[in-house]
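Q: build me a model:
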Amino acid sequence: MTIQEIRAFNRFYTNLIGALNYSKHLYTPYTLTESRLLYELAHTPRTDAAELRAELSLDAGYLSRMLTKFERDGLVERAPSEQDARRQRITLTRQGRGTAALLDERSRDAVGTLLDRVEPDDRPRLVEALRTAREILSAGEASADGRRAARRDGPVLRGPLPGDLGWMVQRHGAVYAAEYGWDARFEGLVARIVADFAADHDERLERVWIAELDGRPVGSVMCVRDEAPGTARLRLLLVEPEARGHGLGERMVEAVVDFARDAGYREVVLWTNDVLSAARKLYVRAGFTLVAEKPHRSYGADLVGQDWRLPLVDESVVDSPS
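A: Numbering: from 1, shown residues only. Next up is the predicted model:
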C-alpha cells in the first residue's frame with residue numbers, strides 16, 4: 001500500500017507541475033533537467049562539471065551534451081578549474097544568468113498560481129507536510145549514502161523564497177540587537193532597503209542570496225545598483241552566530257563580486273561600521289580597500305562608518321587617453 005500511494009502521488013504531482021511537458025508548461029526551450037542545471041549554475045558560484053554530475057546524479061555523457069547545448073546558446077563558458085586542471089569549471093555568461101533568472105521567475109509564477117488554489121488556512125499545513133516528507137526521505141537517503149547526504153546538507157547559497165525577505169529584516173534586527181545593542185531604528189533601515197528591492201529591482205543587475213544550512217536560512221547578502229553609474233553596492237551581509245565557521249560570509253561576498261563582474265559593473269562599494277570586525281576581514285580578503293571613515297551616532301550607539309571599494313576593471317587602462 002505504501003509503494004502504491006507513493007507512486008500515485010508521483011503521478012499526480014508530475015502532472016500537476018507539468019514535469020512531463022516542462023518546456024511547454026513554462027514556455028521555455030529547455031527541459032526540466034536542463035532548467036534544473038541552469039538553476040544550480042546560477043545559485044552555486046564556481047561550480048565544476050564533476051560537482052554538478054554528483055549533485056544532480058547525472059550521467060557524464062548526458063551532462064556534457066547539455067553543457068554543449070548551453071555553450072552553443074551562449075549561456076555558459078567552460079575552462080579548466082583553478083584548483084585542478086583536470087576538472088572543468090562551468091560559469092554562466094551574462095546571457096545565461098538572464099535566462100536562468102527568467103526561468104526562475106516563470107517557475108515562481110507557476111508555483112504562485114498553484115498556491116492560489118489553496119486556501120490560506122491550509123497553506124501552513126501544506127508546507128509542513130512537504131517539509132516532513134523531505135526530512136523523512138532525506139534521512140533514508142542519508143542511511144543509504146552518507147557521503148552524498150552530507151554534501152547536500154552542507155551550506156548552500158540560493159535565491160530568496162517567499163518569506164525570506166521578511167526573514168532578512170527580522171534576523172538583522174534580532175542579531176544586531178543581541179550582539180551590538182542596536183535599537184529598532186536599524187531594523188527599520190533594513191526594512192526600507194528590503195522593501196525597495198522587493199518593489200523594484202532588475203534581476204540582471206541586482207540580486208539577493210540566502211545562505212542555507214541543513215534546510216534553513218542562516219545568512220543573507222544583497223547586490224544592488226548604486227547611484228553612481230557602473231557601481232554595484234553590497235548590502236545586508238549577515239551570518240547567523242551558530243552558522244559561522246562554515247565560510248558562508250566569504251562565499252556570499254565572493255558571490256556578489258562574481259555577479260557584479262558578470263553583470264558588467266566597474267566597481268563594488270559598501271558601507272559598514274568599524275565594530276563589525278569579522279565582516280571587515282572578509283572585505284579585506286576579497287580585495288576591498290577602505291576609502292573613507294566618519295564618526296556618527298546611529299541606532300543608539302556611537303559608531304565609525306566606513307566606505308569600502310573594490311574596482312572590477314583595470315583603472316589604469318580605463319582612465320588612460322586613447
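
Q: please enumerate the strands of the stretch 51-200 of the chain.
A: According to DSSP state E, counting those that start in this stretch, the stretch 51-200 of the chain carries its strands in the segments 76-80, 88-92, 156-158.

Q: now these as JSON lines including distance to V268, mean neighbour count and mean pLDDT?
A: (C-beta placed from N, C-alpha, C; glycine too.) Output for the strands of the stretch 51-200 of the chain, formatted as JSON lines (distance: least, C-beta to C-beta, whole Å; neighbours: other C-beta atoms under 10 Å; pLDDT from 0 to 100):
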{"stretch": "strand 76-80", "distance to V268": "21", "mean neighbour count": "14", "mean pLDDT": "86"}
{"stretch": "strand 88-92", "distance to V268": "18", "mean neighbour count": "20", "mean pLDDT": "84"}
{"stretch": "strand 156-158", "distance to V268": "17", "mean neighbour count": "18", "mean pLDDT": "88"}
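
Q: quick one, helices of the stretch 101-250 of the chain?
A: Counting by DSSP state H, counting those that start in this stretch, the stretch 101-250 of the chain has these helices, from start to end: 123-144, 146-152, 164-180, 184-199, 248-263.

Q: which elements pack onto the third one?
A: Read that as helix 164-180. With contacts taken as 3 or more C-beta pairs under 8 Å, 6 or more residues apart in numbering; DSSP states H and E, helix 164-180 sits against helix 184-199, strand 207-213, strand 216-225, strand 231-239.

Q: show me where pLDDT drops low in the protein?
A: Scanning the chain with the threshold set as pLDDT under 70 gives 1, 19-27, 44-46, 82-85, 138-154, 314-322.

Q: give me the nearest residue to R280, chain neighbours excluded.
A: Excluding its sequence neighbours, the residue lying closest to R280 (C-beta to C-beta, 6 or more residues apart in numbering) is T272, at 6.6 Å.

Q: quick check: that neighbour touching K281?
A: No. Contact criterion C-beta atoms under 8 Å: T272 and K281 do not qualify, at 11.4 Å.

Q: neighbour-wise, which of those two wins?
A: T272 (20 against 12; other C-beta atoms under 10 Å).

Q: ok, now which ones touch the more buried one?
A: For T272, the contact set (C-beta atoms under 8 Å, 6 or more residues apart in numbering) comprises 279-280, 283, 305-306, 308.

Q: next one: the residue nearest to F186 when sequence neighbours are not counted from L189, what distance?
A: What sits nearest to F186 in space, not counting adjacent residues and going by C-beta to C-beta, 6+ apart, is Y299, at 4.1 Å. Plainly put, Y299 is 8 Å away from L189 if you go by C-beta to C-beta, to the nearest Å.

Q: now swap in D59 and tell me
A: Relative to L189, and taking C-beta to C-beta, D59 is found at 49 Å.

Q: these two: which is more packed in?
A: Comparing D59 with L189 by other C-beta under 10 Å, the one with more neighbours is L189, at 17 against 9.
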